[in-house]
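For reference, the sequence and a predicted model appear below.
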Amino acid sequence: MTDLNITIIQSDLHWEDIGANLAMFEEKIWGIGGSTDVIILPEMFTTGFTMAAPRLAEVMNMRTTRWMRQMADQTGALILGSFICNVHDRYYNRLLWMEPGGNFRTYDKRHLFRMAEEQKTYSAGESLLIGTWKGWRICPIVCYDLRFPVWCRNRYDHASRRLSYDLLVCVANWPTARIEAWDTLLRARAIENLCYVAGVNRVGTDGNRIEYNGHSAVVSPKGEPIFTLEGIDTSKSIVLNAHSLQAYRDKFPAYLDADEFSIDFEPYETSGYLHGLS
């Protein structure tokens, strides 16, 4: 592993306007300045957090997928963000992992936010994705998933002598009303999993008059916020230090005392399904 440069884009969103959001994020990506390894966009970055899936959903390999391929190719960076996907007339809040060259993986949000009746519109995912990029193992989750530590628990593999992942990424539309929970959970997931955590939230007010104040953040494996973006429409890049991560894990190997457990079905796809976009 070498150091990893990640870029968070915290933005307001155009309500249910895919074209306007793609144009906006393209401009923001070109405004990053300098090279970066990973670019992270919010949850449902093309529409905002909406239940209008029958009207707004896209099938794979169409507008948003091809736009992400274009951005990945032009920047040389891995692009992460979720959108509304239609798979055989079932709707998913789907995170897309898009690499330069068109190889991609997908992660469907597992925990659907019942307080907004998300489960009445969307289907839940069944597999946790852990992909590798620039030598880092990265685990992406979506918003409400952050509240469920068993789902994204970082497990130690005795054969390879390493933890499942090095960076947990959470893309979200997390409202101002519960922002203290967001701040706390980002730190908790970093501490218990001995990993970096990057949380990417939005700002502004959506079409349901729900307010968002960002608080996108990168947290160290010790649970210390490296930076937090409060209430502003902005981008931030930071280099994650690979040596510091490994040194801390060597000094404080709490993972060796972790409890063994199982869940109803196999959650880990350490390689994931790698697809190609032509």
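That came through fine.

what distance separates stretch 131-144 from the middle of the whole chain?
The chain centre lies 7 Å from the centre of stretch 131-144; the measure is C-alpha atoms, centre = their mean, to the nearest Å.

neighbours around the residue lying closest to residue 153 once chain neighbours are set aside, how many?
Distances taken as C-beta to C-beta, 6 or more residues apart in numbering put residue 193 closest to residue 153, at 6.9 Å, once the chain neighbours are dropped. Using the backbone N, CA and C atoms, a C-beta is placed for each residue, glycine as well. Other residues near residue 193 number 25, with proximity taken as other C-beta atoms under 10 Å.

Also residue 159?
Residue 159: 5 neighbours (other C-beta under 10 Å).

rewinding a little: model confidence for the residue nearest to residue 153, exactly?
Here the pLDDT value assigned to residue 193 is 98.

what sits against it?
For residue 193, the contact set (C-beta atoms under 8 Å, 6 or more residues apart in numbering) comprises 152-154, 163, 165, 168, 221.

can we see that at 10 Å?
139, 149, 152-155, 163-168, 221, 254-255, 258 (C-beta atoms under 10 Å, 6 or more residues apart in numbering).

any idea how far residue 126 is from it?
To residue 126, residue 193 is 21 Å away according to C-beta to C-beta, to the nearest Å.

Give the buried residues for the helix or strand encompassing residue 23.
Assigned by DSSP states H and E, residue 23 belongs to helix 18-30. By 16 or more other C-beta atoms under 10 Å, the buried positions in helix 18-30 come out as 18, 21-22, 24-25, 28-29.

Using a markdown table, lay out the residues you listed together with distance to residue 234 and pLDDT.
Formatted as a markdown table, those follow (distance: C-beta to C-beta, whole Å; pLDDT from 0 to 100):
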| residue | distance to residue 234 | pLDDT |
| --- | --- | --- |
| 18 | 22 | 98 |
| 21 | 16 | 98 |
| 22 | 19 | 98 |
| 24 | 13 | 98 |
| 25 | 13 | 98 |
| 28 | 9 | 98 |
| 29 | 13 | 97 |
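
By average pLDDT, which secondary structure element in the protein comes out worst?
strand 268-269 (a mean of 43; mean pLDDT, DSSP states H and E).

show me where pLDDT drops low in the protein?
Where the chain drops to pLDDT under 70, the residues are 264-278.

quick one, helices of it?
Shown for the chain, the helices assigned by DSSP state H span residues 18-30, 53-56, 63-75, 179-193, 242-251.

who are the neighbours of the third one, in terms of helices and strands?
Other helices and strands packing on helix 63-75, by 3 or more C-beta pairs under 10 Å, 6 or more residues apart in numbering; DSSP states H and E, are helix 18-30, strand 38-40, strand 78-87, strand 90-98, strand 103-108.

can you rerun that using 6 Å?
With contacts defined as 3 or more C-beta pairs under 6 Å, 6 or more residues apart in numbering; DSSP states H and E, the packing partners of helix 63-75 are strand 78-87, strand 90-98.

between it and strand 90-98, how many degrees?
Angle of helix 63-75 versus strand 90-98, following axes from the mean of the first three to the mean of the last three C-alpha atoms, to 10 degrees, is 10 degrees.

any idea of the angle helix 63-75 forms with strand 78-87?
Angle, helix 63-75 to strand 78-87, by the same axes, to 10 degrees: 170 degrees.

Tell me which residues are up against helix 63-75.
Helix 63-75 has contacts (C-beta atoms under 6 Å, 6 or more residues apart in numbering) with 22, 29, 46, 58, 79, 83, 96, 98-100, 102, 277.

The shortest one too?
Here helix 53-56 makes contact (C-beta under 6 Å, 6+ apart) with 47, 84, 91, 121.

other SSEs contacting the helix holding residue 23?
Partner elements for helix 18-30 (3+ C-beta pairs under 6 Å, 6+ apart): none found.

Check the offset of stretch 214-233 from the chain's centre.
Put simply, stretch 214-233 sits 14 Å off its chain's centre (C-alpha atoms, centre = their mean).

Sorry, slip of the keys, the one I care about is stretch 181-191.
With C-alpha atoms, centre = their mean, you get 14 Å for stretch 181-191.

Need the contact partners of that stretch.
Contacts of stretch 181-191 (C-beta under 6 Å, 6+ apart): 146, 168, 174, 197, 199, 215, 217, 219, 221, 223.

And the furthest pair within the residues you listed?
Across the contacts of stretch 181-191, the longest distance by C-beta to C-beta is 21.9 Å; it joins 174 and 221.
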